[in-house]
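Q: Quick one, structure for this:
(chains A, B, C and D)
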Protein chains: 2
Amino acid sequence: MEAVPRPGRPRSQATHDAILEAVRDILVTGGYSDVAMDHVANLAGVGKQSLYRRWPSKAPLVAEAVMDAYGQNRQFELPDTGDIRADLRTWLHGQAAYLGSPRNVALSRALAVAAADNSLDGDALYSQLAGPHHDALLHRLTGATHAGDIRAGVDLEAVADALIGATLYRILTHVRPVEETTRHFDGLVDALMIGLQVPK
Amino acid sequence: MEAVPRPGRPRSQATHDAILEAVRDILVTGGYSDVAMDHVANLAGVGKQSLYRRWPSKAPLVAEAVMDAYGQNRQFELPDTGDIRADLRTWLHGQAAYLGSPRNVALSRALAVAAADNSLDGDALYSQLAGPHHDALLHRLTGATHAGDIRAGVDLEAVADALIGATLYRILTHVRPVEETTRHFDGLVDALMIGLQVPK
DNA sequence: CTAATACTAGACATTCCTTCTCGTAATTCG
DNA sequence: CGAATTACGAGAAGGAATGTCTAGTATTAG
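A: Residues are numbered from 1 along each chain as shown, chains lettered A, B, ... in the order given. Take a look at the predicted model:
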């Protein structure tokens, strides 16, 4: 993984970062269509060629700018304390906190547009975004099943999908206070754990 | 709600329909960004002015084209047979069938882009789309609670959100055979009804 | 018949994405 | 050190799409 030395001037990491930061600056106030390559270059203080040297077009640039910020978040970890209910709550609280920031919601929506702006493979991008969450949830739920904390025979994939879907739904529909989202997420965990039906 | 007669030539419903149909024709093979106003006009055999007379910009046009097709579906009804588990299954099976068509997935994704393509109020659009589902689910779940089929104290809003979110997640990520989606949806209903935790 | 609106067709300005050119700077290899 | 190679900022230029506008015709109410 070490960089093989090549002839010629190396690319500047500062330039790279400045570009991504400029894209995000535009996204938080405008939308995907407000990201103009000229504007990005000026805002970052770089030439347009430095953009196209790194990304083939606008969509992947915006996608990387969003994913880059997303990857810096450390609030998405799904702990394994042995208490599955508490762990699910912890994960969902992290999601709620992320969704509570208008900045993050704006970035996420821009990613949706970037994915659709055809040169990108939408499936791949969404999978890249949701995949780690899905895997982590599935792994944790499977562990809980083996530990005897969850009954056997449950479709854990379906449960993981529902948990991710609930957060996704919140991203796209309501921008609400964190407390409200957190409360509903807690309610979801309770409903999931105990079940809806009346105990016999 | 009756149309008040106004002087001048009335707008043609045929023109209206032809435009929406042309947009959908483009969407099912391409994506949101392939919808060019010029192209739509030519395909529909109308002048561009007829587009801009009805919609202020591209995003609302695409949104209406999708919503129009969506509204013609009758498979989204949530029955009330008295058996809440069966009714939830019925509703989710309808969703699965809808998602089984690549055409519908393409249209739904386009709507997601149109909503995020900032000139529109994305919140309002999603609410318009998901709102009826949310209301129907909440109403049915509340009824089941009163009937004693669901225990009291459950956050029904959270459950409704999770059900809608699960379908939304499927729209945006995997395009899978109907049977698989149906199976996971059934698994979700089971998990929700019985609960994850081991019965004491 | 007159006023008002819708219709197709197409020209037009504007904006934006993308490619290209220029002169300069940084780095590797001989 | 010097030649080759790549990156850099600045900006010009082509091509495509959005959204506005005009022209001439059609359809409706009064």
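
Q: next one: the longest helix along chain A to chain centre, how far?
A: With secondary structure taken from DSSP state H, chain A has its longest helix at helix A:122-146. Helix A:122-146 has its average C-alpha position 12 Å from the chain's average C-alpha position, going by Cα atoms, centre = their mean, to the nearest Å.

Q: what's the angle between the helix or strand following that helix and helix B:156-172?
A: Next helix or strand after helix A:122-146 toward the C-terminus (DSSP states H and E): helix A:156-172. An angle of 100 degrees separates the directions of helix A:156-172 and helix B:156-172 when computed by axes from the mean of the first three to the mean of the last three Cα atoms, to 10 degrees.

Q: Please export the C-alpha coordinates of the helix or strand following helix A:156-172 as PDB.
A: Following helix A:156-172 in sequence order, the next helix or strand is helix A:178-194 (DSSP H and E). What follows is helix A:178-194 as a C-alpha-only set of coordinates in PDB (Å, rounded to 0.1, in the frame of the first residue of the first chain):
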ATOM      1  CA  VAL A 178     -32.400  14.800  17.800                       C
ATOM      2  CA  GLU A 179     -34.400  14.100  21.000                       C
ATOM      3  CA  GLU A 180     -37.500  13.100  19.000                       C
ATOM      4  CA  THR A 181     -35.600  10.900  16.600                       C
ATOM      5  CA  THR A 182     -33.800   9.200  19.600                       C
ATOM      6  CA  ARG A 183     -37.100   8.600  21.300                       C
ATOM      7  CA  HIS A 184     -38.600   6.900  18.300                       C
ATOM      8  CA  PHE A 185     -35.500   4.800  17.800                       C
ATOM      9  CA  ASP A 186     -35.700   3.700  21.400                       C
ATOM     10  CA  GLY A 187     -39.300   2.800  20.800                       C
ATOM     11  CA  LEU A 188     -38.300   0.800  17.800                       C
ATOM     12  CA  VAL A 189     -35.800  -1.200  19.700                       C
ATOM     13  CA  ASP A 190     -38.300  -1.900  22.500                       C
ATOM     14  CA  ALA A 191     -41.000  -3.000  20.000                       C
ATOM     15  CA  LEU A 192     -38.500  -5.200  18.200                       C
ATOM     16  CA  MET A 193     -37.200  -6.900  21.300                       C
ATOM     17  CA  ILE A 194     -40.400  -7.500  23.100                       C
END
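
Q: Helix A:178-194 vs helix A:156-172, what angle?
A: 160 degrees.

Q: which residues touch helix A:178-194?
A: A:84-85, A:88-89, A:92-93, A:95-97, A:99-100, A:159, A:162-163, A:166-167, A:170, B:151, B:154-155, B:157-159, B:161-162, B:191-192, B:195-197 (Cβ atoms under 8 Å, 6 or more residues apart in numbering or on different chains). C-betas here are computed from N, CA, C, even on glycine.

Q: Quick check: mean pLDDT of the longest helix of chain A?
A: Averaging the model's pLDDT scores along helix A:122-146 yields 87.

Q: Could you do stretch A:36-55 as well?
A: 97.

Q: cool, stretch A:190-197 as well?
A: The predicted model assigns stretch A:190-197 a mean pLDDT of 90.

Q: what distance separates it from the centre of its chain?
A: On the basis of Cα atoms, centre = their mean, stretch A:190-197 is displaced by 27 Å from the centre of the chain it belongs to.

Q: ok so, going back, got the buried residues for the longest helix of chain A?
A: Judged by neighbour count (16 or more other Cβ atoms under 10 Å in any protein chain shown), helix A:122-146 contains these buried residues: A:122, A:125-126, A:129-130, A:133-134, A:136-137, A:140-141, A:144-145.

Q: so what secondary structure elements neighbour it?
A: With contacts defined as 3 or more Cβ pairs under 8 Å, 6 or more residues apart in numbering or on different chains; DSSP states H and E, the packing partners of helix A:122-146 are helix A:58-71, helix A:84-99, helix A:102-116, helix A:156-172, helix B:156-172.
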